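# Quick one: sequence and predicted model below, then my questions.
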Amino acid sequence: EVQLVESGGGLVQAGGSLRLSCAASGFIFDDYVIGWFRQAPGKEREGVSCISPSDGSTVYADSVKGRFTISSDNAENTVYLQMNNLQPEDTAVYYCAAGATTQGPWSYWGQGTQVTVSS
């Protein structure tokens with residue numbers, strides 16, 4: 001059974017940090033790109049960052065460059081999203097997904113984890 005399980009969300013003040021984890025199982029980790037997405041209330045889902053565990057290549061949305069860092073632990077089939085200098089506009093449900101390329105399609109999705117940044 002394919003599973004993507006996010007964890008690490010929570011409530012933090014502006015300027016604070018959180019680290020999200022995405023634990024993957026049930027598929028060959030190195031064969032996929034793992035992406036982080038977020039969706040705020042009333043807004044469309046947007047891509048935040050993604051990583052190719054096979055070669056470590058990464059992509060970031062402009063809105064998070066310099067603040068967020070994506071990484072992978074291939075031995076643990078886990079992808080992390082280190083989020084620093086969080087701002088209220090980063091408040092959203094964060095999802096991880098596994099896809100064929102950095103442009104998708106995204107075959108598998110996690111259940112999401114809430115990140116709330118207070119001002």
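That came through fine.
# Could you look up the SS state of the residue at minimal distance from the centre of the chain?
The centre of the chain sits closest to W36, judged by Cα atoms, centre = their mean, with a distance of 2.7 Å. Secondary structure, DSSP: H, G, I helix; E, B strand; the rest coil: W36 is strand.
# Next up, the contacts around the closest residue to it other than its chain neighbours.
Nearest residue to W36, sequence neighbours excluded (Cβ to Cβ, 6 or more residues apart in numbering): V48, at 4.4 Å. C-beta here means a position set from N, CA and C on the backbone, and glycine is covered the same way. Going by Cβ atoms under 8 Å, 6 or more residues apart in numbering, V48 touches G35, W36, F37, R38, Y60, A61, V64, F68, L81, Y94.
# Can you name the residues that contact the nearest residue to Y32 once chain neighbours are set aside?
Of all residues not flanking Y32 in the chain, A98 sits nearest, at 4.2 Å (Cβ to Cβ, 6+ apart). Neighbouring residues of A98 by Cβ under 8 Å, 6+ apart: V2, L4, A24, F27, Y32, V33, I34, G35, W106, S107, Y108.
# Just the buried ones from those?
For those, a burial check counting by 16 or more other Cβ atoms under 10 Å picks out L4, A24, F27, Y32, V33, I34, G35, W106, Y108.
# Confidence-wise, which of these comes last?
In terms of pLDDT, the weakest of the buried ones among the contacts of A98 is F27, which scores 91.
# roughly how far apart are that residue and E1?
Counting by Cβ to Cβ, to the nearest Å, the gap from F27 to E1 is 10 Å.
# For stretch 71-90, measure first residue to last.
With Cα to Cα, to the nearest Å as the measure, stretch 71-90 spans 19 Å from end to end.
# no no, stretch 18-32
End residues of stretch 18-32 are separated by 25 Å (Cα to Cα).
# Also stretch 98-113?
Start-to-end span of stretch 98-113 (Cα to Cα) is 16 Å.
# Just the buried positions in that stretch, please.
Of all the residues in stretch 98-113, those buried under the rule 16+ other Cβ under 10 Å are A98, G99, W106, Y108, W109, G110, G112, T113.
# Show me which of the buried ones among the contacts of A98 is closest to G10.
Using Cβ to Cβ, L4 comes nearest to G10 of these, at 18.9 Å.
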